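Enquirer: let me see the structure of the following:
(chains A and B)
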2 protein chains.
Amino acid sequence: MPTQKAYKTGSTAPEPSAPGVLRLISMRFCPFAHRTRLVLAAKGIDYETVNVCTKNKPEWFFAINPLAKVPTLQHDGKVVYESLVCNEYLDRVFPGRKLLPEEPLEKARIGMLQAIWDAKISPNFYKIANKDQEGREDIIKVFKEGMSFLEKEVTSKSFFGGDEPGFLDYSFWPWFERMPVLEVASGFKLEEAEFPKLFAWQAAMRDRPEVKEHAKDTPIHLQYLMSRKQGNPDPDAGLQA
Amino acid sequence: MPTQKAYKTGSTAPEPSAPGVLRLISMRFCPFAHRTRLVLAAKGIDYETVNVCTKNKPEWFFAINPLAKVPTLQHDGKVVYESLVCNEYLDRVFPGRKLLPEEPLEKARIGMLQAIWDAKISPNFYKIANKDQEGREDIIKVFKEGMSFLEKEVTSKSFFGGDEPGFLDYSFWPWFERMPVLEVASGFKLEEAEFPKLFAWQAAMRDRPEVKEHAKDTPIHLQYLMSRKQGNPDPDAGLQA
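Expert: Numbers count the residues shown, from 1 in each chain, chains lettered A, B, ... in the order given. A predicted model of the protein is given here:
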């Protein structure tokens, strides 16, 4: 079995993947890469993983993606990066359940909710984990405002995508999986009484096989977060030496 | 002729638009709203404009868009916001020249270049305008790195979209139109010798009727920028009293 350990600065680039083999360049704890792994699993797409260290990036990674960010896909000589771009690409190119709607207003709704997530939730997540963060109360306020928009959006269906998880469900989930870590690290948690529909959604997501396939336990996420807070994020946290 | 003046905090909401009339909620100097005006013009779509002040936002705007950001479209009771989401919606719903490709890798390429723009260029633009900005040299370095990626991408075709401007051309243009303002305000400019293809692209863009239709002269842009630097951005700059 190939190692999951991350390639770091100074490493030799891995051999290119065999013809026809889709490769995901990932980092085990990156929530953005997690998004793409969920979509790969949901659509039943075969692929191989190359993990990299996102703090001490391998030089060869910049030759593939000028931003050297995960996730990055390599697919028959083509390169696709940015998590949402990767997910749309996979949805359009591979067979299996469609995750993005064709109807323009439905598609726009996904873009608008994603914008609320990007503006209010994801940029504040790791700030909340840091108890010493300046202006933390205001940050929590904006974070919960964002969650309130989502709460209103899961009123009539089980998932954001309808009866089955879709594009947004996989886009949001990685941060929800890490939410218990926030509580352990900083005492912050969302209250079920305030967000009952989001809690029901989380329970439904946790039951999905594609979510289970890529789930990590809270202690492992916490181990990574602690290494990150100490300024030396360990992409191999939880792996055997 | 209806006034172009911006609705501000405390204003009464305008009457809803007549049935079938597309409305754009905009701000005359917002580069994001400018993106959508270019797409509306390129596709020859009829619409009416309601300008708002983005500093002292009208309360009624939050009832339409919880983020109260421009551009926002109102279309037969439907609401669409976020500039790129608006532009994709317009491209898909209205007839006229298609601005987004259907081919998945071409579509992904647009998302990736947009990501480079979002990461390296647009967030640094107004920082460069401020000569006192801390770390300005590093900011300029990242900004020019982003421009270098674009320079490589306009090698074989006149526009990012091909022989005619497409999604990316309209997405990027508003900041290029404001670029001379950077020079006047802060002495910074891109050098043609370093970015010859981007300069040729700019000349070609300036000639386009849809670009001319929404172009403002540098002194007007500068008047707005100066009001912005003084902490009181004037959405009505250049309009008659």
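Enquirer: which pLDDT value goes with the spatially most central residue of chain A?
Expert: Central residue of chain A (C-alpha atoms, centre = their mean): A:P31, 2.9 Å from the mean position. pLDDT recorded at A:P31 is 97.
Enquirer: thought it was touching A:R178?
Expert: Yes - between A:P31 and A:R178 there is a contact under C-beta atoms under 8 Å: 6.6 Å. Using the backbone N, CA and C atoms, a C-beta is placed for each residue, glycine as well.
Enquirer: between the two, which contacts overlap?
Expert: Taking C-beta atoms under 8 Å, 6 or more residues apart in numbering or on different chains as the contact rule, A:P31 and A:R178 have no neighbour in common.
Enquirer: and A:A193, helix, strand or coil?
Expert: coil (DSSP: H, G, I helix; E, B strand; the rest coil).
Enquirer: chain B contacts on chain A?
Expert: Residues of chain A lying close to chain B (C-beta under 8 Å from any C-beta of the partner chain) are A:66-67, A:78, A:80-82, A:84-86, A:88-89, A:92-93, A:104-105, A:107-108, A:111-112, A:115-116, A:119, A:149.
Enquirer: quick one, strands of chain A?
Expert: Here chain A has its strands, by DSSP state E, at A:23-26, A:48-51, A:72-75, A:78-81.
Enquirer: what pairs with the first one, parallel or antiparallel?
Expert: Meaning strand A:23-26. Here strand A:23-26 is paired, per DSSP bridges, with strand A:48-51 (parallel), strand A:72-75 (antiparallel).
Enquirer: can you give me how far stretch A:145-160 is from the chain middle?
Expert: 19 Å (C-alpha atoms, centre = their mean, to the nearest Å).
Enquirer: only the buried residues of that stretch, if you could.
Expert: Judged by neighbour count (16 or more other C-beta atoms under 10 Å in any protein chain shown), stretch A:145-160 contains these buried residues: A:146-151, A:153-154, A:158-160.
Enquirer: so what secondary structure elements neighbour the helix ranked longest in chain A?
Expert: Assignment by DSSP state H gives helix A:136-153 as the longest helix of chain A. If you count contacts as 3 or more C-beta pairs under 8 Å, 6 or more residues apart in numbering or on different chains; DSSP states H and E, helix A:136-153 packs onto helix A:104-116, helix A:122-129, helix A:196-206.
Enquirer: and the contacts of the first one?
Expert: Under the contact criterion C-beta under 8 Å, 6+ apart, helix A:104-116 has outside partners A:84, A:100-101, A:146, A:149-150, A:153, A:160, A:166-168, A:171, B:66-67, B:78, B:80-82, B:84-86, B:88-89, B:92-93.
Enquirer: C-alpha coordinates for it, CSV please?
Expert: Extracted as CSV, the C-alpha positions of helix A:104-116 are listed here (Å, rounded to 0.1, in the frame of the first residue of the first chain):
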residue,chain,number,x,y,z
PRO,A,104,-30.0,28.4,-14.2
LEU,A,105,-31.7,29.8,-11.1
GLU,A,106,-31.0,26.6,-9.1
LYS,A,107,-27.3,26.9,-10.2
ALA,A,108,-27.3,30.5,-9.2
ARG,A,109,-28.8,29.6,-5.8
ILE,A,110,-25.8,27.3,-5.3
GLY,A,111,-23.4,30.2,-6.2
MET,A,112,-25.1,32.6,-3.8
LEU,A,113,-25.1,30.2,-0.8
GLN,A,114,-21.5,29.4,-1.6
ALA,A,115,-20.8,33.1,-1.5
ILE,A,116,-22.4,33.4,1.9
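Enquirer: returning to what we had before: now the longest helix of chain A against helix A:196-206, angle please.
Expert: Following axes from the mean of the first three to the mean of the last three C-alpha atoms, to 10 degrees, one obtains 80 degrees for the angle between helix A:136-153 and helix A:196-206.
Enquirer: contacting residues around A:G161?
Expert: Neighbouring residues of A:G161 by C-beta under 8 Å, 6+ apart: A:99, A:167-169.
Enquirer: looking at the residues you listed, which is nearest B:F199?
Expert: A:F167 (38.5 Å; C-beta to C-beta).
Enquirer: so where's chain A uncertain?
Expert: Along chain A, segments meeting pLDDT under 70 span A:1-3, A:155-156, A:241.
Enquirer: next, A:E164: phi, psi?
Expert: phi -130, psi 160 (degrees, to the nearest 10).
Enquirer: ok, it touching A:K98?
Expert: No - when contacts are counted by C-beta under 8 Å, A:E164 is not listed as touching A:K98 (10.2 Å).
Enquirer: ok so, going back, any of the contacts of helix A:104-116 buried? List them.
Expert: Applying 16+ other C-beta under 10 Å to the contacts of helix A:104-116, the neighbour count classes A:84, A:101, A:146, A:149-150, A:153, A:160, A:166-168, A:171, B:66-67, B:80-82, B:84-86, B:88-89, B:92-93 as buried.
Enquirer: give me the subset of those lying in helices.
Expert: Per DSSP H, helices hold the following members of the buried ones among the contacts of helix A:104-116: A:84, A:146, A:149-150, A:153, A:167-168, A:171, B:84-86, B:88-89, B:92-93.
Enquirer: looking at these, which is nearest A:W201?
Expert: Closest to A:W201, out of all of those and judged by C-beta to C-beta, is A:L150, at 8.4 Å.
Enquirer: tally up the residues packed near A:L239, please.
Expert: Applying other C-beta atoms under 10 Å in any protein chain shown, we find 14 residues neighbouring A:L239.
Enquirer: right, and it touches A:F29 too?
Expert: No - counting by C-beta under 8 Å, A:L239 does not reach A:F29; the two are 11.3 Å apart.
Enquirer: who's in contact with stretch A:162-175?
Expert: Contacts of stretch A:162-175 (C-beta under 8 Å, 6+ apart): A:31-32, A:34-35, A:38-39, A:42, A:83-84, A:87-88, A:91, A:97, A:99-101, A:110, A:113-114, A:117, A:121-122, A:125, A:150, A:157, A:159-161, A:201, A:205, A:208, A:210-211.
Enquirer: output it as CSV - backbone C-alpha positions only.
Expert: Output in CSV follows, covering the C-alpha atoms of stretch A:162-175 (Å, rounded to 0.1, in the frame of the first residue of the first chain):
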residue,chain,number,x,y,z
GLY,A,162,-32.5,17.9,-2.4
ASP,A,163,-33.2,14.3,-1.3
GLU,A,164,-29.6,13.3,-1.8
PRO,A,165,-26.5,15.4,-1.0
GLY,A,166,-25.4,17.6,-3.8
PHE,A,167,-22.7,20.1,-4.6
LEU,A,168,-23.3,22.4,-1.6
ASP,A,169,-23.6,19.5,0.9
TYR,A,170,-20.1,18.3,0.0
SER,A,171,-18.8,21.8,-0.2
PHE,A,172,-19.9,22.6,3.4
TRP,A,173,-19.4,19.3,5.1
PRO,A,174,-15.6,19.3,5.8
TRP,A,175,-16.0,22.2,8.2
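Enquirer: now do the buried residues in that stretch.
Expert: Buried-residue list, stretch A:162-175, by 16+ other C-beta under 10 Å: A:165-175.
Enquirer: I appreciate the help and will end here.
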